[in-house]
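Peer 1: predicted structure and sequence below. I'll ask about it afterward.
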Amino acid sequence: MRPVEPITNEEIFELEELLKLEEIDILKDGLTEFNDRTSPNYIFLYDAIESQKWGFDKKGNPNLLSGHTGCILEGSSRSTKTWAGIFIIIYLCTIKHPEGVTINIYRETYNEFKTTLYDDFKRILDMFGLDNPFHRAKEISSFRIGRSTIHFLGDGKFGGGCDYAFFNEVMFIDYEVFKQVKMRCRYFWWMDFNPCYTDHWVFDKVMPRSDVNYLRTTFRCNPFISPNEFNEILGYEPWLPGSYVVGEDDCYYKGEPITEKNQPPPHPVNVEQGTASEFDWKVYGLGLRAGLEGAIFKNIIWIDKFPDIAHIYANDFGFTADSNALGKYAENEKNVYVELLAYHPIETPEELGNELLANNIGEDELIACDSSDKYTGENKGTVEMVKGLWELGWMNAFKVPKTKSVMFWLLSLRKKKLHVVKNKNWKFVKLEREKYRWKEINGIQINQPIDQHNHFFDMARYGHMAWSERELEVDWS
């Protein structure tokens with residue numbers, strides 16, 4: 001038997017190159033030929049783009065005859081939303097449009113690209129054997145794939161017209177940015193997000209559109225997720241697997257939504273190891289929408305009508321950019337009732353007086369107001385709101401005394417059941433409930449509120465302060 005000749009270094013290198021080219025060919029084929037390892041998010045985007053058919057309506061105007069103008073990808077962490085978006089960009093640049101297109105990618109700020117999409121593009125461009133500027137430069141605002149140009153845009157910049165637009169983590173992008181970009185997008189747009197909010201312009205202004213398609217996925221849909229990432233997310237599960245049911249928008253135990261009092265058995269390992277987190281499991285594990293962890297007022301009981309009981313009014317002043325929150329307020333030993341009547345900037349006593357009249361608030365009504373009532377405007381000079389209300393006839397408007405801390409009154413208010421009337425302004429209350437949060441230091445919550453997104457809750461706090469001090473001539477019983 002002839003001895004086997006050893007493989008030379010050159011032959012090993014050639015073999016490695018052939019195997020790499022074979023992997024690239026398989027990846028490229030996978031852009032148009034799907035199997036059980038293809039990301040559902042990628043198939044969803046591909047089908048949406050390929051199903052588009054444009055024509056003309058009866059008046060001769062261009063019209064979408066079939067398909068969708070855009071897509072929404074909602075899902076848990078590591079569910080391939082972003083990777084699917086980058087793979088579809090590779091497809092658009094190398095297969096569908098070899099002549100070249102312009103693709104704009106948007107995030108809340110430009111700096112966020114450096115910690116997210118920079119690394120994703122760096123890895124994926126290498127996988128496809130494409131020119132990779134992310135190995136050569138620390139700052140990249142745009143780059144090319146073939147004849148196509150991809151732009152990174154953040155900090156509220158719209159950019160110029162584009163053929164395709166990708167809104168990455170859209171929960172943190174302003175609606176005005178989306179609106180302006182969509183008007184300038186020639187072919188197709190898509191967006192992705194982790195469901196960290198329950199109230200957002202995406203849900204109200206984009207999802208209901210008939211020309212927009214929607215898909216929700218979880219980390220279990222990701223064929224490329226590493227064992228470490230998979231098990232890290234599983235570590236968030238706070239309840240015993242199989243003991244509860246995952247619905248379309250919530251988790252259920254014994255047929256009822258899971259609450260503080262209706263809890264499934266705890267996860268025996270995750271709870272003991274300290275990794276269990278209801279918020280993280282719902283958002284990053286199950287892809288469900290959950291209010292932000294750390295919200296000060298999580299539980300609100302929505303009611304259809306303000307009860308027929310003695311009440312006063314409360315007001316948190318808001319000038320120019322801040323909203324003035326005016327509300328109807330009542331309280332007893334265990335319950336608080338609030339109805340938000342107005343929520344927009346009000347700069348003068350006259351404007352506030354008109355709002356009081358519009359809500360049938362007579363001059364004899366008690367109105368508990370923020371003690372910080374002075375406002376200096378460019379054209380109006382210094383205005384004292386409470387004094388101005390007196391001059392207009394509302395002599396029972398008064399400033400609440402701030403003899404105790406904000407923290408004292410927040411904790412006092414949280415001891416009672418908060419009932420809020422679900423009227424035309426209730427969306428502002430929902431938004432504040434999600435965004436009014438405790439401060440964090442190194443990831444640890446402290447008993448100090450962030451002084452933002454709190455106009456409604458400040459107004460309610462003033463009503464509570466007035467009730468608690470019992471200096472008012474009101475029969476609250």
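Peer 2: That came through, no problem.

Peer 1: all helices for the stretch 351-477 of the chain, in order.
Peer 2: 385-392, 406-414, 426-435, 455-469 (DSSP state H, counting those that start in this stretch).

Peer 1: pull out the buried positions in the second one.
Peer 2: Going back to what we said before, that points to helix 406-414. W409, L410, L413 (16 or more other CB atoms under 10 Å). The C-beta positions use only the backbone N, C-alpha and C, and glycine is treated the same way.

Peer 1: okay, angle between it and helix 455-469 too, please.
Peer 2: 80 degrees (axes from the mean of the first three to the mean of the last three CA atoms, to 10 degrees).

Peer 1: for helix 406-414, packing partners?
Peer 2: Here helix 406-414 touches strand 444-449, helix 455-469, going by 3 or more CB pairs under 8 Å, 6 or more residues apart in numbering; DSSP states H and E.

Peer 1: give me the contacts around that helix.
Peer 2: In this structure, residues lying in contact with helix 406-414 by CB atoms under 8 Å, 6 or more residues apart in numbering are I296, F297, V336, N447, Q448, P449, A460, R461, H464, M465, S468.

Peer 1: nearest to D47, out of these: which one, please.
Peer 2: F297 (42.2 Å; CB to CB).

Peer 1: what's near enough to touch the residue nearest to the closest one when sequence neighbours are not counted?
Peer 2: Distances taken as CB to CB, 6 or more residues apart in numbering put R433 closest to F297, at 5.5 Å, once the chain neighbours are dropped. Going by CB under 8 Å, 6+ apart, R433 touches G291, A295, F297, K298, I300.

Peer 1: what do you get for D192?
Peer 2: Neighbouring residues of D192 by CB under 8 Å, 6+ apart: N41, I72, L73, E74, G75, K81, T82, G85, F167, N168, E169, V170.

Peer 1: neighbours around K415, how many?
Peer 2: The local packing of K415 (other CB atoms under 10 Å) involves 8 other residues.

Peer 1: follow-up on the earlier one: lowest-confidence entry in the contacts of D192?
Peer 2: In terms of pLDDT, G75 ranks lowest among the contacts of D192, with 87.

Peer 1: any idea how far R289 is from it?
Peer 2: In this view, G75 and R289 are 11 Å apart by CB to CB, to the nearest Å.

Peer 1: compare the two (neighbour count), which wins?
Peer 2: Counted by other CB under 10 Å, G75 and R289 do not tie: G75 has more neighbours, with 26 against 20.

Peer 1: for the more buried one, name its beta-bridge partners.
Peer 2: For G75, the beta-bridge partners are T217 (DSSP bridges).

Peer 1: so it touches Y214, yeah?
Peer 2: No: counting by CB atoms under 8 Å, G75 sits too far from Y214 to count as a contact (10.9 Å).

Peer 1: from the contact counts, what lies against the helix or strand containing E232?
Peer 2: Assigned by DSSP states H and E, E232 falls within helix 227-234. Helix 227-234 sits against no helix or strand, with contacts defined as 3+ CB pairs under 8 Å, 6+ apart.

Peer 1: now do it, average pLDDT.
Peer 2: 93.

Peer 1: so which strand or helix has F279?
Peer 2: Assigned by DSSP H and E, F279 falls within helix 278-280.

Peer 1: nearest to the middle of the protein, which residue? Look it up for me.
Peer 2: The residue lying closest to the centre of the chain (CA atoms, centre = their mean) is M171, at 3.3 Å.

Peer 1: among the helices of the stretch 351-477 of the chain, which is the most enclosed?
Peer 2: Among the helices of the stretch 351-477 of the chain, helix 455-469 has the highest mean neighbour count (mean count of other CB atoms under 10 Å), at a mean of 23.

Peer 1: helices of the stretch 151-300 of the chain, start to end?
Peer 2: So, for the stretch 151-300 of the chain - with DSSP H, counting those that start in this stretch - the helices run 175-183, 201, 227-234, 270-273, 278-280.

Peer 1: now do the third one: everything it contacts.
Peer 2: The contact list for helix 227-234 (CB under 8 Å, 6+ apart) reads S76, S77, R78, F219, Y284, G285.

Peer 1: per-residue pLDDT, the residue nearest to K374 when sequence neighbours are not counted?
Peer 2: Distances taken as CB to CB, 6+ apart put E384 closest to K374, at 5.5 Å, once the chain neighbours are dropped. Here, the pLDDT recorded for E384 equals 87.

Peer 1: okay, now the unreliable bits of this protein?
Peer 2: Flagging of the chain using pLDDT under 70 yields the residue ranges 1-5, 11-16, 18-19, 290-293, 377-381, 440-445, 470-477.

Peer 1: can you tell me the closest non-neighbouring residue to H453?
Peer 2: K435 (3.7 Å).

Peer 1: and what of H455?
Peer 2: Nearest residue to H455, sequence neighbours excluded (CB to CB, 6+ apart): A325, at 4.0 Å.

Peer 1: beta partners of the one you found?
Peer 2: For A325, the beta-bridge partners are D316, Y343 (DSSP bridges).

Peer 1: check the one 10 residues further on too.
Peer 2: Per DSSP bridges, residues listed as beta-bridge partners of N335: K417.

Peer 1: residue contacts, it?
Peer 2: By CB under 8 Å, 6+ apart, N335 lies in contact with K416, K417, H419.

Peer 1: and it, how far from F457?
Peer 2: 16 Å.

Peer 1: what about N299, neighbour count?
Peer 2: Neighbours of N299 (other CB under 10 Å): 11.

Peer 1: please disregard the earlier target; I meant K20.
Peer 2: 13.

Peer 1: list the contacts for L286?
Peer 2: S76, T218, V246, C251.

Peer 1: re earlier: got the buried residues for the helix holding E232?
Peer 2: E232, I233, L234.
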